[in-house]
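Colleague: The sequence and its predicted three-dimensional model are supplied below.
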2 protein chains.
Amino acid sequence: MKRIITISRQFGSGGRTIGREVAAALNIPCYDSEIIAKVAEASGYSKDYIEKNGEYAAQRTWFGRAIDFAGGVGMVNNQDVIWIAQRQVILELAEKENCVIVGRCADFILQGREDVLSVFIHADLEFRAKRIVEQYGESDEKPEKRLKDKDKRRNAYYKFYTDMEWGKATNYDLSLNSGSIGIDNCVELICDLYKTV
Amino acid sequence: MKRIITISRQFGSGGRTIGREVAAALNIPCYDSEIIAKVAEASGYSKDYIEKNGEYAAQRTWFGRAIDFAGGVGMVNNQDVIWIAQRQVILELAEKENCVIVGRCADFILQGREDVLSVFIHADLEFRAKRIVEQYGESDEKPEKRLKDKDKRRNAYYKFYTDMEWGKATNYDLSLNSGSIGIDNCVELICDLYKTV
């Protein structure tokens, strides 16, 4: 019997919505931005800073590279502090209660546990581009460009902290294309599996 | 409404069994070794030769490398002839009737079609090792070694002909871990989706 559902998702795929709807249908909490608040409390960083650095590799500047170099010789940078706090928050949540956890490498942090159903949600660029404009409005940058940039930085973050490939089917129990399958069908399917396996 | 299901699978994951059971439940044909017979007829190669070369990159020998080099300068090798015949057989099957097609890069050959539900079945090494010993018996080689070799060669074959990564979640509508979810649940879930989306 599964107790915890982790949802990793491509930006704009509807993974966050799916997480919330699954949690509502199963009557369990969904942790997403709530994790940011808990990490802020534990680490002392602002919520905004954590939101920007808790899932995405930082954009490369000469200063960032200097920090990385310092990390290479044994120093811990801000992003590492957030990673450690985030990991701790996720482990505590998983001990406390049945829940849905969206993003933040929870699939990796809880890997190997029999009581976890790990899900990856993805969709093609066209579906996601349409969705982010609906959800977050237009911006100066083309939606496809924003998506590619987010994908790249989430990918780099995941790779750095987990040493695994993000979006590889073998990392998850279940991977779904929300564009072709539909968000409602994804919700139903995850709920069914949670109750069955 | 989907008409065709393609099933890609890691060796030993039960993908072939799942394909057969899904087809039986939906009362549509399942094409697997049947494709080999059709390709043999079309290409003139033996079934045995096609089975060995229709999904797996050849083991590297100096002779194989020489053939590859010849391919690089414009020659077509045996494996290419099989690929072309196999592709043709799959396109014809997809036109003819609703069906399940197991393996042989059918997901790539039919990609972008709205009437196709593409599925990837995987499982961890332990589950697959146990399963191949049950299904195919012991051999001199350790099952883990056999699996790793098969994975590597299917991977290389897929990469060569499709220029995509094998087992990447974004290539499929649905990816399932048959080890954690269970073979029967996979069958049920695929049948449900086929009828719904």
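Modeller: Received the coordinates, thanks.
Colleague: Would you tell me which residues of chain A are close to chain B?
Modeller: With Cβ under 8 Å from any Cβ of the partner chain as the criterion, chain A comes near chain B at residues A:10, A:120, A:122, A:124, A:167-170, A:172-177, A:180-182, A:185, A:189, A:192-193, A:196-197. Bear in mind the C-beta positions are built from the backbone N, C-alpha and C, glycine included.
Colleague: Look up how far residue A:166 lies from residue A:151.
Modeller: In this view, residue A:151 and residue A:166 are 9 Å apart by Cβ to Cβ, to the nearest Å.
Colleague: Quick check: the gap between residue A:126 and chain B.
Modeller: 12 Å (Cβ to the nearest Cβ, to the nearest Å).
Colleague: hey, where'd the helices end up in chain A?
Modeller: A:15-26, A:33-43, A:47-53, A:62-72, A:78-96, A:106-109, A:125-136, A:143-162, A:178-181, A:183-196 (DSSP state H).
Colleague: okay if I get the ones you listed as CSV plus mean pLDDT and mean neighbour count?
Modeller: Listed next are the helices of chain A as CSV, based on pLDDT from 0 to 100; neighbours: other Cβ atoms under 10 Å in any protein chain shown:
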stretch, mean pLDDT, mean neighbour count
helix A:15-26, 96, 20
helix A:33-43, 84, 18
helix A:47-53, 82, 16
helix A:62-72, 57, 11
helix A:78-96, 88, 17
helix A:106-109, 92, 23
helix A:125-136, 91, 16
helix A:143-162, 89, 16
helix A:178-181, 96, 22
helix A:183-196, 94, 18
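Colleague: any chance of those helices in TSV, with distance to residue B:103 too?
Modeller: Shown next, in TSV, are these (distance: least, Cβ to Cβ, whole Å):
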stretch	distance to residue B:103
helix A:15-26	29
helix A:33-43	40
helix A:47-53	42
helix A:62-72	43
helix A:78-96	37
helix A:106-109	27
helix A:125-136	27
helix A:143-162	28
helix A:178-181	21
helix A:183-196	24
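Colleague: Nearest to residue B:49 among those helices would be which one?
Modeller: Closest approach to residue B:49 among the helices of chain A (Cβ to Cβ): helix A:178-181, 35.9 Å.
Colleague: other SSEs contacting that closest one?
Modeller: Other helices and strands packing on helix A:178-181, by 3 or more Cβ pairs under 8 Å, 6 or more residues apart in numbering or on different chains; DSSP states H and E, are helix A:125-136.
Colleague: one more time with 10 Å, if that's ok
Modeller: helix A:15-26, strand A:116-122, helix A:125-136, helix A:183-196, strand B:116-122, helix B:183-196 (3 or more Cβ pairs under 10 Å, 6 or more residues apart in numbering or on different chains; DSSP states H and E).
Colleague: What I need now is the ones you listed written out in JSON lines, including distance to residue A:6 for each item.
Modeller: Output for those, formatted as JSON lines (distance: least, Cβ to Cβ, whole Å):
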{"stretch": "helix A:15-26", "distance to residue A:6": "9"}
{"stretch": "strand A:116-122", "distance to residue A:6": "5"}
{"stretch": "helix A:125-136", "distance to residue A:6": "20"}
{"stretch": "helix A:183-196", "distance to residue A:6": "11"}
{"stretch": "strand B:116-122", "distance to residue A:6": "17"}
{"stretch": "helix B:183-196", "distance to residue A:6": "19"}
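Colleague: Please name whichever of these is nearest to residue A:97.
Modeller: Of these, nearest to residue A:97 by Cβ to Cβ is helix A:15-26, at 11.4 Å.
Colleague: how distant is the closest one from the center of its chain?
Modeller: In terms of Cα atoms, centre = their mean, to the nearest Å, the centre of helix A:15-26 is set 14 Å apart from its chain centre.
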